[in-house]
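Engineer: structural data only, the sequence is not supplied:
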Ligand code: ATR
């Protein structure tokens, strides 16, 4: 019998995770199955228990269950605790361990695939919702010189910045601040990451054209479409990346947690790009 895995969400039909994990399994010659499962909105925990009873080894978790997945687990990794959310569950008998591979996936895509080391850089993180929180701890661990968190709602940016400042990973050499988009006027960044959901509605963010420093990498965590943020960055000379690499890298990190084998991501990113 092959080891069984799945991705749980609602909706879930759009998920590309099965294609990615099947490619990893083939490449690393691991014998496993990976399917999409639509969990009812009011029955996430029951769905997980049912999968454990059926012998599944783990699941990925997507919208809207990442917070519930975190609280359901018996133990949580540091990066899951920092995010307050989990995208990966590992089943060991009845025991559930939670992790969050989103931030590691983002940092790996930026540093390894795009070849932009974050250490010592001025980094701007746009957004202070779940997607931004999910990547905060690995971003700090990458040791930028400056991390500015800008958000439409100031309170959320300030709360995230003070959480970051208090984090044990955050060394005293990293300056972390929170602000509104308007406060960015006159500041420049080497890496600008869009973690807002504004792109979903094709909404532009009210950020100044001058935030993109010379040689800036502008990264949108969304994929599959050119967002107004990406268009603005491109028009202002930035190098632009979408979140497809992050999607594949967070999956590779989950695959590693489950299987103890790290797949090659480059060919899978290329395959996904060509789909
Ligand atoms: P996600 O899990 O995608 O992060 P979320 O937790 O609802 O979803 O957070 C959405 C983020 O996108 C927030 O930072 C939100 O800003 P607010 O905190 O002010 O709500 C941001 N966002 C969504 N739509 C936006 C828009 N049209 N303009 C600017 N920011 C937007």
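Structural biologist: Right, received. Where do you want to start? Every value quoted in this text rests on a predicted model; they were computed, and no experiment measured them.
Engineer: quick one, phi/psi of the residue of the stretch 51-200 of the chain found nearest the ligand?
Structural biologist: Residue nearest to the ligand within the stretch 51-200 of the chain: residue 129 (1.8 Å; CB to the nearest ligand atom). C-betas here are computed from N, CA, C, even on glycine. For residue 129, the backbone dihedrals (degrees, to the nearest 10) come out as phi -90, psi -160.
Engineer: quick one: pLDDT of it?
Structural biologist: pLDDT, residue 129: 95.
Engineer: you'd agree it is up against residue 196?
Structural biologist: Yes. With contact defined as CB atoms under 8 Å, residue 129 and residue 196 form a contacting pair (7.1 Å).
Engineer: count of neighbours near residue 118?
Structural biologist: 22 (other CB atoms under 10 Å).
Engineer: next one: it from residue 145, what distance?
Structural biologist: Taking CB to CB, to the nearest Å as the measure, residue 118 and residue 145 are separated by 9 Å.
Engineer: again, but for residue 29
Structural biologist: Residue 29 sits 42 Å away from residue 145 when distances are taken as CB to CB.
Engineer: tell me the SS of residue 237?
Structural biologist: coil (DSSP: H, G, I helix; E, B strand; the rest coil).
Engineer: what sits against residue 37?
Structural biologist: Listed by CB atoms under 8 Å, 6 or more residues apart in numbering, the contact partners of residue 37 are 6-8, 12, 47, 51, 59.
Engineer: what's across from residue 218 in the sheet?
Structural biologist: residue 192, residue 240 (DSSP bridges).
Engineer: how far does the helix or strand hosting residue 27 sit from the chain's center?
Structural biologist: Using DSSP states H and E, residue 27 falls within helix 17-28. Taking the mean C-alpha point of helix 17-28 and that of its whole chain, the gap between them comes to 19 Å (CA atoms, centre = their mean, to the nearest Å).
Engineer: parallel or antiparallel, which strands does whichever helix or strand comes after it pair with?
Structural biologist: Scanning the chain past helix 17-28 towards its C-terminal end, the next helix or strand to appear is strand 32-38 (assignment: DSSP H and E). Applying DSSP bridges, strand 32-38 is found paired with strand 3-9 (parallel).
Engineer: now check the strand it pairs with, is it near the ligand?
Structural biologist: No. Between strand 3-9 and the ligand, judged by CB under 6 Å from any ligand atom, nothing touches; the nearest distance is 12.5 Å.
Engineer: now do that strand, average pLDDT.
Structural biologist: Per-residue pLDDT over strand 3-9 has a mean of 98.
Engineer: now it against helix 17-28, angle please.
Structural biologist: Going by axes from the mean of the first three to the mean of the last three CA atoms, to 10 degrees, strand 3-9 is angled at 150 degrees with respect to helix 17-28.
Engineer: who's in contact with strand 3-9?
Structural biologist: 15, 17-18, 21, 31-39, 44, 47-48, 51, 54-65, 69, 258.
Engineer: generate a ChimeraX selection restricted to the buried subset of the residues you listed.
Structural biologist: This is how ChimeraX selects the buried members of the contacts of strand 3-9, with burial counted by 16 or more other CB atoms under 10 Å:
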select :15,17,18,21,32,34,35,36,37,39,44,47,48,51,56,57,58,59,60,61,62,65,69,258
